[in-house]
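>>> Here you go, sequence then predicted model.
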Amino acid sequence: MNLKLKALTKSPWVFHICTGSCNNCDIEILDALTPRFDIERFGMVKVGSIRHADVLLVTGAVSRKAGPRLKRLYEQAPKPCFVVAIGSCALGQGIFKGSYNMPEPVDKYIPVDAYIPGCPPKPEAMIAGLVKLIEKLRGK
Amino acid sequence: MELLKSIGYFVIFPGFLFTAAVGLLASWIDRKVTARVHWRKGPPILQPLYDIVKLMGKETIVPQGSSRLTFLLSPLFGLSATIIVSTLLWRTIISPSTTFLGDLIVVLYLLTIPSLAVIMGGFASRNPLASLGASREMKLILAYELPFILVALIPVIKAGTIRMGEILSYQLNHGIVIGSLSGIIGFLVAILCMQAKLALVPFDMAEAETEIMGGTYIEYSGAPLAIYKLTRAMMLFVVPMFLICIYCGGIDFAHGWLHILLGVLKYVGLLVVIILIRNTAPRVRIDQAMKFFWGPMTGLAVLGIVLALLGI
């Protein structure tokens, strides 16, 4: 494995994208960033600008308005960059499946590297999912 | 041979590599103490290095319509200024007699250049939030430079010279500047100006992450961002070291390891004070910062100068 990717697994900076969720997953993401869980131990820091991001945390069943913007945000992120879909809605649209304003789930718009199910997933589940993503990148 | 030696000074020992290593260590101390204040465990010791290596490997995006040359060169501009300051400072500390007349003025000059580089990069990136951050940084420089230069004058008045080596040897013979009333006042003002110079809370409105999303750094990615981060880490080492030089007698290399240890402890103590201010204060608005620096801080600095002239 090259140095580039190894350093990335040591300091994945996360960026949070909400594509029309009910904000429950978003609150759980913020919970995972609190001192109680202390994900800075793994070098994870929440960043404000998409240009600094390594991992995109996407929540919500993508609404018609949010879809093109999600695609654009993914294109704006510097590569290599990875996508984690969080919550039932982001995985398979949850209760919004077949809704008139939610055409397709996240992985039809951009490539998704890890899926974290739950409505909403607990912070422990998110940390477990991110650790699995890191292990996948390290090739274990 | 002389040329090689000079290049060695700039690249290896007091210059780039040494300052980068200690600066990254200092930024780790910053993050670790912050974590302890939050009752967290905090990142591992090599975390700042991982961040820099990772950013070096990422894609560099130049925004459409930005000034490409200015955008990519301004981080290097700031980094080189920091390297020169560090080299000058450490040459002074190690052998106080080798410096030139007026090096204090050169150091004060060069210490503003990293902030100027941030302003240039912010304006070049053609982002409204970056422009906002850059304009705030400009106002902040105008605000804090006046009291900072005034308090840098207090040791000059005490020692009667503008050569940093002579200020150091004066402190060795007559006691440190902070031992007097004017020194204490000057040092307090200098700590707050340093907080603004390093763009730390409460004076981080130029890059306010929660408000303008990184401000001047918003469009930077990859290697230029890594250079900015490295410059900031190095400044976290250089600026406190400068204050320790002119106020607390620097690090004494001539009288055994106990004095060296004492010098290192002075630096770490000052660093922890900065970090505690950063963790316990909320961010102020730019107009409040200007009022603060041009009002009470300048007043205190002038009082310090008057006391120093009276010899107190």
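Looks like it came in fine.

>>> Residue A:6 reaches residue B:46, doesn't it?
No. If you go by Cβ atoms under 8 Å, residue A:6 and residue B:46 don't touch, sitting 12.0 Å apart. All C-beta atoms are positioned from the backbone trio N, CA, C, and that covers glycine.

>>> and residue B:181, what is it in contact with?
B:307, B:312 (Cβ atoms under 8 Å, 6 or more residues apart in numbering or on different chains).

>>> So residue A:21 is in contact with residue A:60, correct?
Yes. Residue A:21 sits in contact with residue A:60 when judged by Cβ under 8 Å, with a separation of 3.0 Å.

>>> List phi and psi for the residue in the stretch 1-150 of chain B that chain A sits nearest to.
With Cβ to the nearest Cβ, the shortest gap between the stretch 1-150 of chain B and chain A falls at residue B:57, namely 3.4 Å. Note on residue B:57: backbone dihedrals following degrees, to the nearest 10 are phi -90, psi -10.

>>> Counting neighbours, what do you get for it?
17 (other Cβ atoms under 10 Å in any protein chain shown).

>>> Just give the nearest non-adjacent residue to it, would you?
Spatially, and ignoring its direct neighbours in sequence, residue B:57 is nearest to residue A:4 (3.4 Å; Cβ to Cβ, 6 or more residues apart in numbering or on different chains).

>>> Which strands and helices lie in contact with the helix or strand where residue B:308 lies?
Taking DSSP states H and E as the definition, residue B:308 sits inside helix B:298-310. Judged by 3 or more Cβ pairs under 8 Å, 6 or more residues apart in numbering or on different chains; DSSP states H and E, helix B:298-310 is in contact with helix B:128-159, helix B:181-197.

>>> Grab the nearest non-local neighbour of the residue nearest the centre of chain B.
Per Cα atoms, centre = their mean, the C-alpha nearest to the average position across chain B is that of residue B:239, at 3.3 Å. Closest residue to residue B:239 in three dimensions, ignoring its sequence neighbours and counting by Cβ to Cβ, 6+ apart: residue B:194, at 5.3 Å.

>>> For that neighbour, which residues are in contact?
Residues near residue B:194 by Cβ under 8 Å, 6+ apart: B:148, B:239, B:240, B:243, B:274.

>>> Check which residues of the helix holding residue B:308 are buried.
B:298, B:300, B:301, B:304, B:305, B:307, B:308 (16 or more other Cβ atoms under 10 Å in any protein chain shown).

>>> does the last one really touch residue B:159, like I thought?
Yep, that's residue B:308 we're talking about. No. The pair residue B:308 and residue B:159 does not pass the contact test of Cβ under 8 Å, sitting 10.2 Å apart.

>>> And the helices in chain B?
For chain B, the helices defined by DSSP state H occupy B:2-11, B:16-37, B:47-57, B:68-94, B:103-124, B:128-159, B:164-174, B:181-197, B:209-212, B:223-248, B:257-280, B:286-292, B:298-310.

>>> from those helices, which stretch is densest packed?
Highest mean neighbour count among the helices of chain B (mean count of other Cβ atoms under 10 Å in any protein chain shown): helix B:223-248, with a mean of 24.

>>> so how far is it off the chain centroid?
Distance, stretch centre to chain centre, for helix B:223-248: 4 Å (Cα atoms, centre = their mean, to the nearest Å).

>>> Report all helices and strands that that helix contacts.
Counting contacts by 3+ Cβ pairs under 8 Å, 6+ apart, helix B:223-248 is packed against helix B:16-37, helix B:47-57, helix B:68-94, helix B:103-124, helix B:128-159, helix B:164-174, helix B:181-197, helix B:257-280.

>>> okay if I get those as a markdown table plus distance to residue A:76?
Output for the helices and strands packed on helix B:223-248, formatted as a markdown table (distance: least, Cβ to Cβ, whole Å):
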| stretch | distance to residue A:76 |
| --- | --- |
| helix B:16-37 | 27 |
| helix B:47-57 | 16 |
| helix B:68-94 | 16 |
| helix B:103-124 | 18 |
| helix B:128-159 | 14 |
| helix B:164-174 | 46 |
| helix B:181-197 | 31 |
| helix B:257-280 | 30 |
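
>>> Same list as before, the ones you listed that is, but in TSV and with mean pLDDT and distance to residue B:233 included.
Converted to TSV, these look like this (pLDDT from 0 to 100; distance: least, Cβ to Cβ, whole Å):
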stretch	mean pLDDT	distance to residue B:233
helix B:16-37	89	4
helix B:47-57	88	6
helix B:68-94	87	10
helix B:103-124	89	11
helix B:128-159	89	18
helix B:164-174	81	23
helix B:181-197	90	14
helix B:257-280	88	12
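
>>> Now do the longest helix seen in chain A, average pLDDT.
Criterion DSSP H: the longest helix present in chain A is helix A:123-138. Averaged across helix A:123-138, the pLDDT comes to 88.

>>> Helix, strand or coil: sort out the residue positioned nearest the centre of chain A for me.
A centroid search over chain A (Cα atoms, centre = their mean) returns residue A:57, at 1.8 Å, as the residue closest to the centre. At residue A:57 the chain is in strand, as set by DSSP: H, G, I helix; E, B strand; the rest coil.

>>> Contacts only, for residue A:20.
Neighbours of residue A:20 in contact, by Cβ under 8 Å, 6+ apart: A:60, A:61, A:62, A:63, A:65, A:66, A:102.

>>> Not counting residues beside it along the chain, what's closest to residue A:47?
residue A:13 (4.7 Å).

>>> Quick check: bridge partners of that neighbour?
Beta-bridge pairing for residue A:13 (DSSP bridges): residue A:45.

>>> who's in contact with it?
Taking Cβ under 8 Å, 6+ apart, we find residue A:13 in contact with A:44, A:45, A:46, A:47, A:52, A:53, A:54, A:55.

>>> Quick check: the two most widely separated of those?
A:44 and A:52 (12.6 Å; Cβ to Cβ).

>>> between those two, who's got more neighbours?
Set residue A:44 next to residue A:52 and count neighbours by other Cβ under 10 Å: residue A:52 wins out with 23 against 20.

>>> roughly how far apart are that one and chain B?
Taking Cβ to the nearest Cβ, to the nearest Å as the measure, residue A:52 falls 7 Å from chain B.

>>> Was I right to think that residue contacts residue B:219?
No. Here residue A:52 does not reach residue B:219: they are 10.0 Å apart, not a contact under Cβ under 8 Å.

>>> coming back round to it: how about the residue nearest to the centre of chain B, what does it touch?
Listed by Cβ under 8 Å, 6+ apart, the contact set of residue B:239 reads B:111, B:194, B:197, B:198.

>>> Would you check that the last one makes contact with residue B:234?
No. With contact defined as Cβ under 8 Å, residue B:198 does not reach residue B:234; the gap is 10.7 Å.

>>> thinking residue B:284 is in contact with residue B:205, fair?
Yes. With contact defined as Cβ under 8 Å, residue B:284 counts as touching residue B:205 (7.3 Å).
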